[in-house]
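*Asks:* after the sequence you'll find the predicted model.
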Amino acid sequence: MADEVMIKNPTYFGIVCPKCGSDDWRVVRTKGSLEAAALNTVDEYMITPLKARCRACHRAFKVVPVEADESEVLSQPATLVAHRVSRITGIVVPNYILVNGVISDSIANGEEIQIELRTKHVYIQMFDASMTGSATFERFEVQPGETVKRDMRIKARWRSF
Amino acid sequence: MTSSDLTQSQLETQASILRLVFLGVFIGLIILQYYLGKNGKSRTAGLVGPVIYGFLRLISNVGGVSSSATYFLGSLFGSVIWGGFLYVIYNHNKKAYDLKQARQKIQLAKQQESTKQTEENK
Ligand SMILES: [Zn+2]
C-alpha cells in the first residue's frame, strides 16, 4: 500500500467538499479499506483514502480521515451498538461498518455488535461485501460514555445523486 | 405409457408444461441468487449462470428432443458458474472471519497491556 498512515483517533469532522465547501458528502467507494483494517494495531488505525461524493454539487473527491483535535476526542469512549436488520437480501454474505473512515468490523445478518467511539462527531456507514454498495449512512454526535443504538439496513444501490 | 401411445397434441401439451416448469424453476433461481448474493460480482455470476444453464437445458432436454452433448455442456457450464458463485460467498465470509481474528488479537493485546499497567501501579 502506497499511503500507509496510522492515526490514533480518526475523524471526518471538519472535512468539506473542495468545490462548494459543503459538509454534506458521503463515501461512495471503500476500495482498500478492508485490507487496511486488518493492519490495525492496539491503539492506531490504518487509514486509506476513499472516494466520496458531495450531495450538494455532486463533485467526487478523495477523502482521508484526519487526527481528531483534543477538544474533539471524548474523555471517556462512547459505545455504538450496531444491529444489522435481518433480511433475505445478502443473507449469506457479511457487511462492513465504516466508522470515521475506518472499517470497524464485519456484521452478519441479524447480528448486533459493539463498536468503541472515540470522537464526538461520528460518521457511520454500512457497506455490502463487495464494498461498493452503500447502505445506512449517518452523522451524529455522542457524549462521553454514552451508548447509542443503530439499526443498519442494506440497500440495493446508492442512488441519492 | 410410451410416446407412441400419445397423440401429437398430447405431446405438445406435455412439452409446453415441462417448458413452463423449467422456466419457473430457473426464474426462481435467478431471483434467489439475486437476493442471496447482493453485491456486484456474485450478483452478475448469479444472473448469468442460471440463464445460460437454463437456456441450454431448455433447448436440449424438453420437447422430445434430447442432445446429450448440449445437456452435458449445459450441466458443466452451470456447475462451473454455480461453483464460482459459491466460491465468492466463501471468499466474502473468509475475509470477514480474518478481520474478526485480527480484531480479537488487538483486543487481547489491549487487555494484556491494561493488566500489566495495573500490576505496575501496585
Ligand atoms: Zn460540493
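*Replies:* Structure's in. What do you need?

*Asks:* you'd agree A:Asp69 is in a strand?
*Replies:* No - assignment of A:Asp69 by DSSP: H, G, I helix; E, B strand; the rest coil gives coil, placing it outside any strand.

*Asks:* that one: neighbour count?
*Replies:* A:Asp69 has 13 neighbours, counted by other CB atoms under 10 Å in any protein chain shown. (Each C-beta comes from the backbone N, C-alpha and C, glycine too.)

*Asks:* can you list contacts of the lengthiest strand in chain A?
*Replies:* Secondary structure of chain A read by DSSP state E shows that its longest strand is strand A:73-84. With CB atoms under 8 Å, 6 or more residues apart in numbering or on different chains as the test, strand A:73-84 has contacts from A:9, A:95, A:97, A:99, A:107-120, A:122, A:124, A:126, A:142-154.

*Asks:* how close does A:Ser33 get to chain B?
*Replies:* From A:Ser33 over to chain B the distance is 11 Å, taken as CB to the nearest CB, to the nearest Å.

*Asks:* near chain B, which of the contacts of strand A:73-84 show up?
*Replies:* A:108, A:154 (CB under 8 Å from any CB of the partner chain).

*Asks:* which of the contacts of strand A:73-84 are buried?
*Replies:* A:9, A:95, A:97, A:99, A:107-109, A:113, A:115, A:117-120, A:122, A:124, A:126, A:142, A:148, A:150, A:152, A:154 (16 or more other CB atoms under 10 Å in any protein chain shown).

*Asks:* who does A:Ile97 bridge with?
*Replies:* Beta-bridge partners recorded for A:Ile97 (DSSP bridges): A:Asp105, A:Met126.

*Asks:* check contacts around it.
*Replies:* A:82, A:103-107, A:113, A:115, A:124-127, A:152.

*Asks:* re the thing from before, please point out which parts of the longest strand of chain A sit buried.
*Replies:* A:73-74, A:78, A:80, A:82, A:84.

*Asks:* just the helices from chain B, written as ranges.
*Replies:* B:8-36, B:40-61, B:68-121 (DSSP state H).

*Asks:* low-confidence ranges in chain A?
*Replies:* Flagging of chain A using pLDDT under 70 yields the residue ranges A:1-4, A:132-135, A:155-161.

*Asks:* so which residues on it come close to the ion?
*Replies:* Residues of chain A found near the ion (CB under 5 Å from the ion) are A:17, A:19-20, A:22, A:54, A:56-57, A:59.

*Asks:* give me the element A:Cys57 is part of.
*Replies:* A:Cys57 belongs to no helix or strand when assigned by DSSP states H and E.

*Asks:* got any ranges where chain B has weak pLDDT?
*Replies:* Ranges of chain B meeting pLDDT under 70: B:1-6, B:30, B:32-78.

*Asks:* where does A:Glu116 fall, phi/psi-wise?
*Replies:* Here is the backbone geometry of A:Glu116 (degrees, to the nearest 10): phi -80, psi 130.

*Asks:* next, the contact list for residue 98, please.
*Replies:* If you meant another chain, say so; for now it's chain A. Here A:Leu98 is in contact with A:27, A:30, A:33, A:104, A:123-127 (CB under 8 Å, 6+ apart).

*Asks:* if you could check chain B rather than the one you did, that'd help
*Replies:* Taking CB under 8 Å, 6+ apart, one finds A:Ala38 in contact with B:Asp98.
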